[in-house]
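# Provided below are the primary sequence and the corresponding predicted coordinates.
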Amino acid sequence: MSLLYEQARERPEHPAISYRGERIVFAELVEWIERLASGLRQRGLGPGDAVGLVLPDDPWFVVTLHALTGLGAIVVPVNPAFKQAELEYCFRSAGVSAVISDERSAGVCGRIVSGMEGEVQLITTSSAHGQADTLDAVLEEGKGGRLEARAPEEPFVYQFSSGSTGRPKRVPRTHAQCAAEAASYKALGLVPEDRIFSAIPMFHTWGMGACVFASAASGATVVILEDPQPFLRRRHAALELIERERATVFPGVPFNFRLLAEAPTRADLSSLRLCFSAGTALPRSTFEAFGERFGVLVRQLYGSTETGMIAANLSEDPVATFASVGRPVWGVEIEVVDEDGETLPPGEVGELAVRSPAASDGYDGADQKSREAFRDGRFFTGDLGHLGDDGLLYLEGHRKLLIDVGGFKVDPIEVQDVIRAHPCVSDVIVVGVRDEDAGEETVKAVVVPSQQCDEHELLSLCREQLANFKVPRLVEFRDSIPTSPLGKVLRKDLV
């Protein structure tokens with residue numbers, strides 16, 4: 001909150017948020033945050049309480065996040081597209097004391113909290129589902145008043161990082177770590193006159209950092225695209241909003257930039273001065289198409305849930321350095337290491353190990369995974385890359401098995417566990433099939449049936465338990481899964 005108090009003091013009438021054509025200035029934003037925090041405190045929420053946040057990208061998300069963290073509560077932002085089993089896992093893993101949801105998620109969240117041990121409050125954005133407690137009511141009852149500064153070591157957020165060994169891992173980050181990430185966005189050169197176009201999910205580290213944290217640190221206005229998913233259906237609205245609001249900064253994923261480059265709608269995007277693509281490698285075809293269509297060059301950025309932003313390409317020649325994710329951002333050190341953790345010279349490919357003041361200290365409830373990934377003061381990312389002689393970082397792939405679907409990470413083990421539970425399945429392996437032209441992946445399930453098996457039944461099971469982006473688009477039936485003489489699955493033979 002200290003960053004927002006600074007913005008409200010220096011530029012109280014400057015817009016903090018633009019949404020549906022309306023402006024919320026910093027003074028008004030801080031007032032709402034204080035009142036909501038007061039109302040939440042009256043409901044017994046306070047320091048150390050974990051609160052699930054199942055909200056779309058809108059002003060409520062920003063206000064609620066800051067109100068909770070200003071109280072010392074721990075925000076647990078969750079993908080609103082998750083199905084009941086996925087939401088319940090996150091809530092139980094974090095040990096939430098309350099859940100705040102919009103009306104679309106209210107029903108499923110209500111079923112989950114009613115089955116949890118102890119009293120778990122449910123607060124919603126409306127009373128459409130008969131909910132007695134709404135954010136409007138909490139805000140109205142709040143008395144306001146300045147929120148005290150939190151200790152740097154207090155937990156700020158629990159986020160979930162996809163892994164390659166089953167369920168997502170809970171990643172705690174403190175107030176100090178999140179403040180360090182906010183400072184790194186300001187160090188990119190963001191200023192109050194900037195207008196950040198927000199179309200990436202704020203529950204995700206990339207969206208939370210590039211939009212919520214960046215605005216608080218720099219005083220820039222966040223221009224929020226209403227209901228950005230699915231982006232294919234919203235790309236015309238996105239182009240209109242960027243042009244109308246004269247957005248200057250556009251954080252996105254390759255999927256966003258490709259769809260806008262292919263849109264039939266005309267738009268003037270000349271106001272954009274910084275476009276950053278993250279999440280997966282930006283295909284040259286997308287880079288060239290967006291640049292030719294709009295006259296704006298997209299730069300690559302690299303980060304992770306565990307560390308926040310790691311590197312960004314701010315080169316004076318973004319064409320010549322197109323394939324690079326740039327240099328480490330403020331406070332970050334990157335080493336390329338071999339299997340023994342020893343530093344490799346420039347040009348040699350190895351795993352990326354990161355030191356960052358924004359990095360988490362480890363996973364909660366996963367001691368073995370923490371020891372493997374967090375050691376010697378470094379986070380071992382599982383990503384492969386090399387440093388050029390000029391200090392620029394180039395990514396070369398992943399050690400992990402994650403599949404990238406439109407900027408979302410899919411853990412194949414999680415999808416396999418769902419499919420394997422079907423009685424007709426003897427074995428299953430899930431892989432990502434890459435479309436080289438689009439630079440994106442599709443989820444494919446290779447199934448060994450134990451009896452006659454229907455593809456539609458398997459997909460229906462997945463749709464019941466998994467977010468839509470995790471559901472396989474391809475299903476292949478085989479007599480067996482190919483393995484090496486040592487029994488290792490030959491995934492390359494399944495793609």
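Received it, and whenever you're ready, just let me know what you need.
# Run through who's touching the helix or strand hosting residue 380.
In this structure, residue 380 is located in strand 378-387 according to DSSP states H and E. In this structure, residues lying in contact with strand 378-387 by Cβ atoms under 8 Å, 6 or more residues apart in numbering are 164, 304, 306-307, 334-337, 341, 344, 346-356, 359-360, 372-374, 393-400. Every C-beta, even on glycine, is put in place using the N, C-alpha and C of the backbone.
# Just checking the distance from that strand to the centre of its chain.
Distance, stretch centre to chain centre, for strand 378-387: 19 Å (Cα atoms, centre = their mean, to the nearest Å).
# Neighbouring strands - and their directions - for that strand?
strand 350-355 (antiparallel), strand 374-375 (antiparallel), strand 393-398 (antiparallel) (DSSP bridges).
# following the last one, which helix or strand comes up?
Pointing back at strand 393-398 there. Using DSSP H and E, the next helix or strand after strand 393-398 towards the C-terminus is strand 403-405.
# Can you tell me what sits against that next one?
279-280, 409-412, 430-432, 440-443, 469-470.
# Quick one: name whatever helix or strand follows that strand.
Going C-terminal from strand 403-405, and assigning secondary structure by DSSP H and E, you next hit strand 408-410.
# on contacts alone, who are the packing partners of that following strand?
Applying 3 or more Cβ pairs under 8 Å, 6 or more residues apart in numbering; DSSP states H and E, one finds that strand 408-410 contacts strand 403-405.
# Just the buried residues of the strand it packs on, please?
Along strand 403-405, these residues count as buried under the neighbour rule (16 or more other Cβ atoms under 10 Å): 403, 404, 405.
# From these, pick the one nearest residue 122.
Each of these was scored against residue 122 by Cβ to Cβ, and residue 405 proved nearest at 30.1 Å.
# bridging residues for the closest one?
residue 408.
# That one and residue 278, how far apart?
In this view, residue 405 and residue 278 are 15 Å apart by Cβ to Cβ, to the nearest Å.
# Quick one: distance of stretch 167-185 to the chain centre.
12 Å.
# hang on, residue 11 packs against residue 218?
No - applying Cβ atoms under 8 Å as the test, residue 11 and residue 218 come out as separate, 10.9 Å apart.
# more neighbours, these two?
Ranked by neighbour count (other Cβ atoms under 10 Å), residue 11 and residue 218 place residue 218 first, with 24 against 15.
# Residue 145: what's it in contact with?
Applying Cβ under 8 Å, 6+ apart, the residues near residue 145 are 34, 38.
# For stretch 169-178, give me every contacting residue.
69, 74, 93-94, 150-161, 163, 213, 305-306, 308, 357-361, 363-366, 369.
# Now the buried members of the residues you listed.
69, 74, 93-94, 150, 155-161, 163, 213, 305-306, 308, 357-360, 363-364, 366.
# Return the subset of these lying in helices.
69, 93, 94 (DSSP state H).
# Please, a PyMOL command that selects the buried ones among the contacts of strand 403-405?
Only the buried entries of the contacts of strand 403-405 go into this PyMOL selection, using 16+ other Cβ under 10 Å:
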select buried, resi 279+280+409+410+411+412+430+431+432+440+441+443+469+470
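# Just the pLDDT for residue 391.
At residue 391, the pLDDT value in this model is 90.
# these two touch, right, it and residue 325?
No - the criterion here is Cβ under 8 Å, and residue 391 misses it with residue 325 at 12.0 Å.
# neighbour count winner among these two?
It is residue 325, of residue 391 and residue 325, that has more neighbours when counted by other Cβ under 10 Å, with 26 against 12.
# Below-threshold pLDDT in this structure: ranges please.
The chain contains residues with pLDDT under 70 at 128-132, 162-166, 399-400, 436-439, 484-488.
# State which helix of it is the longest.
Among the elements of the chain assigned as helix by DSSP H, the one spanning the most residues is helix 26-42.
# Kindly export it (C-alpha atoms) in PDB.
Coordinates of the C-alpha atoms in helix 26-42 are reproduced here as PDB (Å, rounded to 0.1, in the frame of the first residue of the first chain):
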ATOM      1  CA  PHE A  26      -5.600   7.300  -7.400                       C
ATOM      2  CA  ALA A  27      -7.300   9.200  -4.500                       C
ATOM      3  CA  GLU A  28     -10.500   7.300  -5.200                       C
ATOM      4  CA  LEU A  29      -8.800   4.000  -5.500                       C
ATOM      5  CA  VAL A  30      -7.100   4.400  -2.200                       C
ATOM      6  CA  GLU A  31     -10.300   5.400  -0.500                       C
ATOM      7  CA  TRP A  32     -12.100   2.300  -1.800                       C
ATOM      8  CA  ILE A  33      -9.200   0.100  -0.700                       C
ATOM      9  CA  GLU A  34      -9.300   1.500   2.800                       C
ATOM     10  CA  ARG A  35     -13.100   1.100   3.100                       C
ATOM     11  CA  LEU A  36     -13.000  -2.400   1.800                       C
ATOM     12  CA  ALA A  37     -10.200  -3.300   4.200                       C
ATOM     13  CA  SER A  38     -12.200  -1.900   7.100                       C
ATOM     14  CA  GLY A  39     -15.200  -3.900   6.200                       C
ATOM     15  CA  LEU A  40     -13.200  -7.100   5.800                       C
ATOM     16  CA  ARG A  41     -11.600  -6.500   9.200                       C
ATOM     17  CA  GLN A  42     -15.100  -6.300  10.700                       C
END
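# Now it: buried residues?
If you call a residue buried by 16+ other Cβ under 10 Å, then helix 26-42 has these buried ones: 26-41.
# so what's the closest residue to residue 278 other than its chain neighbours up against?
Setting aside the residues directly before and after it, residue 278 is nearest to residue 301 in space (Cβ to Cβ, 6 or more residues apart in numbering), at 4.4 Å. The contact partners of residue 301, by Cβ under 8 Å, 6+ apart, come to 251, 276, 277, 278, 309, 311, 312, 313, 325, 326.
# Go through those and name the one nearest residue 103.
For the contacts of residue 301, the minimum distance to residue 103 (Cβ to Cβ) is 27.7 Å, reached by residue 251.
# what secondary structure does that closest one sit in?
Under DSSP: H, G, I helix; E, B strand; the rest coil, residue 251 falls in the strand class.
# May I have the residues that are in contact with the closest residue to residue 468 other than its chain neighbours?
Distances taken as Cβ to Cβ, 6+ apart place residue 81 nearest to residue 468, at 6.4 Å, with adjacent residues excluded. Residue 81 makes contact with 229, 467, 468, 469, according to Cβ under 8 Å, 6+ apart.
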